[in-house]
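J.: need coordinates for the below:
(2 chains)
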Amino acid sequence: VVRVLGARMLAALMVVLALVTFASMLGFIVLCDRV
Amino acid sequence: MATEYAAVAATILVTIGTSGLLGGYMCRVFTGGRTWLDQVLVPIEGVVLRVAGVDPAQQQDWKRYSASLVISNAVMWLATWTIVTLQQYLPLNPDGIANMEPALAFNTISSFVTNTNLQHYSGETGLSDLSQMFVITFLQFVTAGTGIAAAVATIRGLAGNRTTELGSFYVDMTRATVRLFLPLALVTSVVVMWQGVPQTFEKAATATTLEGRAQTIARGVTAGVVSIKQLGTNGGGYFGPNSAHPFENPTPLSNLVETWAITIIPMSMVVMLGAMLKRPRLALVIYATMLALYLPMVVFAVAQEAGGNPAIAAIGVDQSTGSMEGKEVRNGVGMSALWAATTTVTSNGSVNAMHDSLTPLGGLVPLIGMWLNNVFGGVGVGFINMLIFVIVAVFVAGMMVGRTPEFLGKKVEGREMKLASLALLWHPLAILVGTAVACYAWATTADPGIALGWLKNPGPHGFSEMLYEFTSSAANNGSGFEGLGDNTPFWNIATGLVMLLSRYIPIIAPLAMAASLAAKPAAPETAGSLRADSATFGMTLWMVIVILGLLMFMPVAVLGPVAEYLALR
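T.: Model (predicted):
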């Protein structure tokens, strides 16, 4: 995977993945509020 | 063997005995009471809050509280991920350790931010001293503080009467870190240092062996990591072999102190609950229920390991000292099995023996501990997980006797049950779906080299290894059946995601549930109310936990450990 994507692309992808996961948890707070 | 059994019993008794004292101290810390450490620690807490610009009087409702928790964790994630991926260019790197590869760093940082400490790298070769101190040790303190803060807010919710205020996340986290973990970790560090654990900035030592070959012996800032890894139910060691390594856990006394440190705060949390709610009987019922789940697991695990391995006995190797494969002679089967059960019920995940080498049913015990994840549990989150089962038990009991389910004088209604179900069902979903995906991916891997690198042991044990990895991630435990080749993009990214989601979903949903209870008026308890502080309720709770656990995880237990046990006989 590192060879195909290149280390920088992979690094950027990992940061985006983490941010999306944290953002989804903020979304989960809204979901719990509406339940 | 008799000495070993006595050591197991003594360790458990010492921990139970001291949990009352610490629970009282914790209650005073979080309710603004006075303690004898105030003169030293309160000023430090004040400085931290002032520097961070936090107004201690500012109250938060559950949404702001959980948003603060998630956002502060996201910021820590980004900062620490940056450090490990750039550690080669940063100071305090005497052994010239290279930057961590991005996917492995994703896994490592997600693991430490979520208090899991699953390690797909080996500490002595993968992290610089800077990363060990400012990433690993830092996160081990603050994520444990995060767990305690979440539990304290949940307890305030339970105690609340028509209120939306749950305290301030930043104050609670700082308090837990400065006034609880800091003093305890200092004392524990000194004790393990006295027993021989190194704490040094020197680079690795080189020695000449008896055969005349040069050997490199890694060392470093170990004692600091060891103390907080146990106290904060983190579990991530300085060295790859964790507390099986003689530099992390050199003597029987260090082993006792470290086992004590694993359980002391989760046990004290229950005492704190009783003190904060002013319901000591309720705490006693929950404590007894937890013990009634924990002690049978310990006894069963010790018996399994002491019984030896029939397959090894069949080739003529003496098994009178028990199944010693993967165990340290200085720990023996008793303390190894006790540790295996303790580290997994509490979501700690440090090991003093290799779990992959446990006998099949001995290895089932750690899995059960993580599946339930509420028997004392991780610092803070263990109690939150237990609360979910308490609410379910209240609901089931209420339905059985035909009364409105009530807990602490508050009606348990649809909203609370939906939130409890969300938190309850996420855990098996993450474990079972994750394991299914991994099995499919492994079975359809075309390249035999890759398949072999992933799993050297196909059949029931290989299944158990993959099941354990997802169980450990979802329970935020961090131990592993290390026969699995887990430093691959699939495992790094899949378990990284499971750890993140399995940390925050089971914190946010119960917090919302507790807030929902806090907003309701507390009705006075009458003869018709269901009493949660009775032995009958304790037994009901125990049954609900066992039955739900069996319903969720019996099939995978049969496919993995039980099948392996039957194959070995």
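J.: test my guess that residue B:239 contacts residue B:121.
T.: No - using C-beta atoms under 8 Å, residue B:239 is not in contact with residue B:121, being 11.4 Å away. For every residue, glycine as well, the C-beta is placed using N, CA and C.
J.: quick check: mean pLDDT of stretch B:219-231?
T.: Averaging pLDDT along stretch B:219-231 yields 91.
J.: contacting residues for the residue nearest in space to the middle of chain B?
T.: Of all residues in chain B, the one closest to the mean position by C-alpha atoms, centre = their mean is residue B:347, 1.8 Å from it. Contacts for residue B:347 were tallied using C-beta atoms under 8 Å, 6 or more residues apart in numbering or on different chains; they are B:115-116, B:233, B:370, B:373, B:377-378, B:381-382, B:475-478.
J.: same thing but at 10 Å, please
T.: B:115-117, B:147, B:233-235, B:262, B:266, B:369-370, B:373-379, B:381-382, B:385, B:472, B:475-479 (C-beta atoms under 10 Å, 6 or more residues apart in numbering or on different chains).
J.: using the three-state scheme, assign it.
T.: coil (DSSP: H, G, I helix; E, B strand; the rest coil).
J.: name the nearest residue to it, ignoring sequence neighbours.
T.: Spatial nearest neighbour of residue B:347, chain neighbours left out: residue B:378 (3.4 Å); criterion: C-beta to C-beta, 6 or more residues apart in numbering or on different chains.
J.: I figured the one you found was touching residue B:266, is that so?
T.: Yes - counting by C-beta atoms under 10 Å, residue B:378 touches residue B:266, with 7.0 Å between them.
J.: of the two, who's got more company?
T.: residue B:378 (35 against 28; other C-beta atoms under 10 Å in any protein chain shown).
J.: so what's the more buried one up against?
T.: Applying C-beta under 10 Å, 6+ apart to residue B:378 gives the contacts B:114-116, B:143-144, B:147-148, B:151, B:232-235, B:265-266, B:269, B:345-349, B:384-385, B:475-477, B:503.
J.: picking that back up, ok, the residue nearest to the centre of chain B to chain A distance?
T.: Residue B:347 sits 19 Å away from chain A, going by C-beta to the nearest C-beta, to the nearest Å.
J.: same deal with residue B:127?
T.: Residue B:127 is 17 Å from chain A, by C-beta to the nearest C-beta.
J.: for residue B:442, grab the count of nearby residues.
T.: When neighbours are counted by other C-beta under 10 Å, residue B:442 comes out with 17.
J.: residues touching it, list them.
T.: Residue B:442 neighbours (C-beta under 10 Å, 6+ apart): B:450, B:451, B:454, B:455, B:458, B:462, B:463, B:466, B:490.
J.: any part of stretch B:152-168 near chain A?
T.: No - judged by C-beta under 10 Å from any C-beta of the partner chain, stretch B:152-168 and chain A are separated, with a smallest distance of 12.0 Å.
J.: let me see the mean pLDDT of that stretch.
T.: 92.
J.: what residues does chain A put near chain B?
T.: A:1-2, A:5, A:7-15, A:17-26, A:28-33, A:35.
J.: residue ranges with poor pLDDT in chain A?
T.: Within chain A, the stretches with pLDDT under 70 are A:1-5.
J.: all strands for it, in order.
T.: Counting by DSSP state E, chain A has no strands to list.
J.: for it, what spans make up the helices?
T.: Using DSSP state H, the helices of chain A run over A:2-5, A:7-34.
J.: out of the ones you listed, deepest packed?
T.: Most buried of those, by mean neighbour count (mean count of other C-beta atoms under 10 Å in any protein chain shown): helix A:7-34, with a mean of 16.
J.: just the buried positions in the lowest-mean-pLDDT helix or strand in chain B, please.
T.: Least confident helix or strand, chain B: helix B:123-126 with a mean of 80, by mean pLDDT, DSSP states H and E. By 16 or more other C-beta atoms under 10 Å in any protein chain shown, the buried positions in helix B:123-126 come out as B:123, B:124, B:126.
J.: can the very next helix or strand once past that helix be found next to chain A?
T.: Next helix or strand after helix B:123-126 toward the C-terminus (DSSP states H and E): helix B:129-131. No - counting by C-beta under 10 Å from any C-beta, chain A has no neighbours in helix B:129-131; the shortest distance is 16.2 Å.
J.: residues contacting helix B:129-131, please?
T.: Contacts for helix B:129-131 (C-beta under 10 Å, 6+ apart): B:80, B:83-87, B:90-95, B:97, B:100, B:105, B:108, B:123, B:137-138, B:200-203, B:220-221.
J.: and the helix or strand where residue B:48 lies, which residues are buried?
T.: Following DSSP H and E, one finds residue B:48 within helix B:38-52. Buried residues in helix B:38-52, counted by 16+ other C-beta under 10 Å: B:41, B:42, B:45, B:48, B:49.
J.: swap in stretch B:518-526?
T.: Result for stretch B:518-526 [16+ other C-beta under 10 Å]: buried residues B:518, B:519, B:520.
J.: so the residue located most distally from the centre of chain B, which of the three states?
T.: Computed with C-alpha atoms, centre = their mean, the residue of chain B farthest from its C-alpha average is residue B:212, at 42.8 Å. Under three-state DSSP, the three-state class of residue B:212 is coil.
J.: contacting residues for the closest residue to residue B:338 other than its chain neighbours?
T.: Computed as C-beta to C-beta, 6+ apart, the closest residue to residue B:338 that is not its neighbour in sequence is residue B:8, at 4.7 Å. Residue B:8 is in contact with B:259, B:298-299, B:301-302, B:332-335, B:337-339, B:341, counting by C-beta under 10 Å, 6+ apart.
J.: if we use 7 Å, what do you get?
T.: Under the criterion of C-beta atoms under 7 Å, 6 or more residues apart in numbering or on different chains, the neighbours of residue B:8 are B:298, B:302, B:334, B:335, B:338.
J.: top of these by neighbour count?
T.: residue B:338 leads the contacts of residue B:8 on contacts (other C-beta under 10 Å) with 27 neighbours.
J.: so that one is in which element?
T.: Under the assignment here (DSSP H and E), residue B:338 is part of helix B:332-345.
J.: which SSE is immediately downstream of that helix?
T.: Downstream of helix B:332-345 (by DSSP H and E), the next one is helix B:360-372.
J.: any idea which helix or strand comes after that next one?
T.: helix B:381-401.
J.: is that next one up against chain A anywhere?
T.: No - Helix B:381-401 lies out of reach of chain A by C-beta under 7 Å from any C-beta of the partner chain, never closer than 13.4 Å.
J.: outside of that helix itself, list whatever touches it.
T.: With C-beta under 7 Å, 6+ apart as the criterion, helix B:381-401 contacts B:147, B:150-151, B:154, B:266, B:269-270, B:273, B:286, B:346-347, B:373-374, B:376-377, B:404-405, B:407, B:412, B:416-417, B:420, B:423-424, B:506-507, B:510, B:513, B:530, B:532, B:537, B:540-541, B:544-545.
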